[in-house]
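Asks: Just to be clear, the model below is a prediction. Sequence and coordinates:
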Amino acid sequence: MKPTIEEKFLGLEQEHKGAVIVEIPMLMPVPKTQLEVADMLVKSGIDLIQVSVPIRFPWMYGTRILDIQKKAAQNDVGWKQSFEVLKQLIEKYPQSEFMPVGFYGGLQRMGQDNYVRRCSDLGIRIVDVPDYPLVHDDDPRGLVKELRKNAIDYVEIISTNMTKAPKGSDGYNNLVHVIENCHGFCFLLASAGGKTGEKASFDYDGLFEAKSKIQEIQKMVGRICPIVAVCGISTPEQVRILTKQVGLHVMFGSSLFTRIMNGDSRDEIMKFLQSMKEAAC
């Protein structure tokens, strides 16, 4: 039996390594593009592969992903195509881990019950719905409750600003509740506001302090969960610093999308992916 995603990531930490998560772009043609990209990701040893569920009005992204989401909307690519891609990938690579990612508006278009059922039927073990208010509004639509009934984890997101809230404040109490609800892993925003797109540098000291605060609260509440840096990561050197010096796992997407959209060869993309994975090992 495969270890859970949480167990896998924590195991890598014990070996002083980091997990690498990569998103597959919903570029045309679908599903040919996604199958070709997934083949490279699997062969490069990527630990978890995201498949986006495009939304109708994709304004809450950085330039690169915004462009891809607009193209998806223009070509009427939505949740049906995303879940067909997931189905084909899971059948082809049963030992790999796949995760749907998309805002709640896209999820509503397919229906929450339908979303949970399809995830469960495919054996998906973790999902990312970045704008769903699990903690702030106490799981208002019961999404996370239904996911957990089906043994599916829900990714929580933490900003560095959240970790700076003084003890006893409303912000601090909210952070504690978020950490109590973290399962599988949590995202730590490496860029202000969670803005996607390739970044030249990061506040590594600030990320280390944020990670330390999260781990302090994790120990206090008894809920140890891997922490993944996300938004803007684009080079092997950034991956090396984030995993080896800061002690985080990493997720990236835009730096891969740029290479695909620029027409880089398969060999060039494979070399890039392998260098990103090797930097975390």
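Replies: Sure, I can see it.

Asks: Tell me where this protein has strands.
Replies: Under the criterion DSSP state E, the chain contains strands at 20-24, 48-52, 98-101, 126-127, 153-154, 156-158, 186-189, 227-230, 249-252.

Asks: So what's the residue count around I214?
Replies: Residues lying near I214 (other CB atoms under 10 Å) number 22. No exception for glycine: its C-beta is placed from N, CA and C like everyone else's.

Asks: need the contact list for it.
Replies: Residues near I214 by CB atoms under 8 Å, 6 or more residues apart in numbering: 158, 163, 179, 186, 188, 227.

Asks: Tell me how far the residue nearest to A190 when sequence neighbours are not counted lies from L188.
Replies: Nearest residue to A190, sequence neighbours excluded (CB to CB, 6 or more residues apart in numbering): A229, at 4.5 Å. The gap separating A229 from L188 is 6 Å, by CB to CB, to the nearest Å.

Asks: anything in contact with each of these two?
Replies: 207, 248.

Asks: Give me the more crowded residue out of those two.
Replies: For A229 versus L188, neighbours defined as other CB under 10 Å are more numerous around A229 (30 against 24).

Asks: And the contacts of stretch 114-126?
Replies: When contacts are defined by CB under 8 Å, 6+ apart, stretch 114-126 is touched by residues 4-5, 48, 79, 83, 86-87, 90, 97-100, 107, 110, 127, 143, 146-147, 150-155, 184-185.

Asks: Pull out the buried members of the residues you listed.
Replies: Buried subset of the contacts of stretch 114-126 (neighbour count, 16 or more other CB atoms under 10 Å): 4-5, 48, 79, 83, 86, 90, 97-100, 107, 110, 127, 143, 146-147, 152-155, 184-185.

Asks: Can you give me the buried ones in the longest helix seen in the chain?
Replies: The residue-count maximum for a helix in the chain (DSSP state H) belongs to helix 204-221. By 16+ other CB under 10 Å, the buried positions in helix 204-221 come out as 204, 207, 210-211, 213-214, 217-218.

Asks: got the end-to-end distance for stretch 26-34?
Replies: Criterion CA to CA, to the nearest Å; first-to-last residue distance in stretch 26-34 is 7 Å.

Asks: Next one: the residue lying farthest from the centre of the chain from E209, what distance?
Replies: Note on the chain: the largest C-alpha distance from the chain mean falls to G168, namely 30.0 Å (CA atoms, centre = their mean). Between G168 and E209 the distance, using CB to CB, works out to 19 Å.

Asks: for stretch 8-23, which positions count as buried?
Replies: Residues 8-10, 12-13, 17-23 are the ones in stretch 8-23 that count as buried (16+ other CB under 10 Å).

Asks: same question, stretch 38-54
Replies: Within stretch 38-54, the residues that count as buried by 16+ other CB under 10 Å are 38, 40-41, 44, 46-54.

Asks: TSV for the residues you listed, including distance to K277 and pLDDT?
Replies: Below are the buried residues of stretch 38-54 laid out as TSV (distance: CB to CB, whole Å; pLDDT from 0 to 100):
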residue	distance to K277	pLDDT
A38	15	97
M40	11	97
L41	9	98
S44	5	97
I46	6	98
D47	8	98
L48	12	98
I49	12	98
Q50	15	96
V51	19	95
S52	21	89
V53	25	86
P54	27	75
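
Asks: quick one: H136 from R240, how far?
Replies: Distance, H136 to R240, by CB to CB: 35 Å.

Asks: In terms of neighbours, single out the busier of these two.
Replies: Taking other CB under 10 Å, H136 and R240 do not tie; R240 has more neighbours (18 against 11).

Asks: That one contacts K277, doesn't it?
Replies: No: R240 is not in contact with K277 according to CB atoms under 8 Å; the separation is 11.2 Å.

Asks: who touches G206 in this structure?
Replies: Neighbouring residues of G206 by CB under 8 Å, 6+ apart: T160.

Asks: ok, now the one 3 residues further on?
Replies: Shown here is E209, whose contacts under the criterion CB under 8 Å, 6+ apart are 160, 163.

Asks: mind checking how far it is from R109?
Replies: For E209 relative to R109 (CB to CB), the value is 39 Å.

Asks: try D131
Replies: D131 sits 14 Å away from R109, going by CB to CB.
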